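Visitor: Sequence plus predicted model, see below.
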Amino acid sequence: MGAYPDVSLEEARRIATGNRALAKGGFDPQHRDGDALTFAKANEGYLRWKRFPPRVAGNRLSNQRYKWHYTMRKHVQPRIP
């Protein structure tokens, strides 16, 4: 919606009301442009949200992001559109 000086409280409330109406109708307010949310897009969003440790040689945890992405792409995404 935006920060306070840029978006008035009245405007924010109007947008929030519209988003709630979309959500009740079964639509995702973040994807209003008709671009359907797929499992692949949701997975990419999760990877951006989840802050995996940076890759460091010898650190097993640093490969978590790669392993998650590989597993989802190889085994899950072919079965879930």
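Guide: Arrived safely, thanks for sending.
Visitor: and the residue at minimal distance from the centre of the chain, how far is that from Ala16?
Guide: Centroid-nearest residue in the chain: Gly45, 3.4 Å away (criterion: C-alpha atoms, centre = their mean). The gap separating Gly45 from Ala16 is 21 Å, by C-beta to C-beta, to the nearest Å. All C-beta spots, glycine's among them, are computed from the backbone N, C-alpha and C.
Visitor: Does the one helix or strand the residue nearest to the centre of the chain maps to pack against any helices or strands, and if so which?
Guide: Under the criterion of DSSP states H and E, Gly45 resides in helix 39-49. Packing contacts for helix 39-49, counted by 3 or more C-beta pairs under 8 Å, 6 or more residues apart in numbering; DSSP states H and E, involve helix 64-71.
Visitor: Just the buried residues of the one helix or strand Arg20 maps to, please?
Guide: Assigned by DSSP H and E, Arg20 falls within helix 9-24. For helix 9-24, the neighbour count (16 or more other C-beta atoms under 10 Å) marks Asn19 as buried.
Visitor: Next: stretch 38-46.
Guide: Neighbour counts over stretch 38-46 (16+ other C-beta under 10 Å) mark Asn43 as buried.
Visitor: Could I get the average pLDDT for it?
Guide: Averaged across stretch 38-46, pLDDT comes to 80.
Visitor: can you check stretch 10-26 too?
Guide: 86.
Visitor: any idea how far the residue nearest to the centre of the chain is from Leu37?
Guide: Counting by C-beta to C-beta - Gly45 and Leu37 are separated by 9 Å.
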